[in-house]
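> turn this into a structure:
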Amino acid sequence: MESDLREYGTAKGKINTLDANESENDENNNGVAVDPLQVQLQENQQVMKQVVEGLAQVAQAMSNKPTNRYNSDKYTGTNRNTEGKFKCWYHKSDNHEIGDCSIFARLDSQTKVDLVRKNGGCFSCLKIGHLSRHCHSRKPCDIQNELHQPCGKIHTK
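This is a model prediction of the structure:
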């Protein structure tokens, strides 16, 4: 047990113990005798404050980190367009819906896909804040077969 770090004789494992009868002169107290338990309590409070601040930073970092590729903000749209939800997020306006935006409609399809993805929009209704698989506005296919019955499935284009 001579190499045990908890042994009182080694420099590494020496435990900082103070007797209740001891007193120290603290530089911050202008040479006034201070109860050693108070000094140790203040040191412990400072250490605990640093630990709590560190844990808060870790918790903040973990809450921002996606756990997998499906819940990263690339797919969910979190942390995007948080300054306000506009009817037309392309113009940042409430004058018209994004689906009725004539300028957005004139863009080529790849640019539209990139803009919807960048703004975290739904590919079905183009609104911000949800994925197309969770969209309540998804409409079934209305293409009719040879018997003039609608397909009824929800397709991805």
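
> in stretch 34-52, what's buried?
Under the neighbour-count criterion of 16 or more other C-beta atoms under 10 Å, stretch 34-52 has Pro36, Val39 buried. C-beta: built from backbone N, CA, C; applies to glycine.

> now swap in stretch 98-118 and tell me
Neighbour-count burial for stretch 98-118, counted by 16+ other C-beta under 10 Å, picks out Ile98, Cys101, Phe104, Lys112, Leu115, Val116.

> for the record, mean pLDDT for it?
Mean pLDDT, stretch 98-118: 87.

> same check on stretch 149-157?
Computed over stretch 149-157, the mean pLDDT rounds to 69.

> would you map the helices across the chain?
For the chain, the helices defined by DSSP state H cover 36-64, 73-76, 102-106, 109-119.

> re earlier: and the furthest pair within the buried residues of stretch 98-118?
Maximum pairwise distance in the buried residues of stretch 98-118, criterion C-beta to C-beta, is 12.2 Å, between Cys101 and Val116.

> burial of Asn145, as a residue count?
Neighbour count of Asn145, defined by other C-beta atoms under 10 Å: 8.

> my read: it touches Lys153, true?
No - using C-beta atoms under 8 Å, Asn145 is not in contact with Lys153; the gap is 11.3 Å.

> quick one, domains of the chain?
The chain is divided into the following domains under automatic domain parsing: 1-65, 81-157.

> how close does Val52 sit to Gln46?
Counting by C-beta to C-beta, to the nearest Å, the gap from Val52 to Gln46 is 11 Å.

> what number of residues lie near the nearest residue to Val113 once chain neighbours are set aside?
Nearest residue to Val113 in three dimensions, chain neighbours excluded: Phe123, at 7.9 Å (C-beta to C-beta, 6 or more residues apart in numbering). By other C-beta under 10 Å, 16 other residues sit near Phe123.

> from His130, how far off is Phe123?
11 Å.

> returning to that earlier point: just curious, which of the buried residues of stretch 98-118 is nearest to Ala59?
For the buried residues of stretch 98-118, the minimum distance to Ala59 (C-beta to C-beta) is 31.7 Å, reached by Val116.

> Cys125 - nearest residue in space that isn't next to it in sequence?
The nearest residue in space to Cys125 (C-beta to C-beta, 6+ apart) is Ser137, at 4.0 Å.

> I'd guessed that neighbour sits against Ser124; true?
Yes - between Ser137 and Ser124 there is a contact under C-beta under 8 Å: 5.9 Å.

> the two: who's more crowded?
Ser124 (18 against 12).
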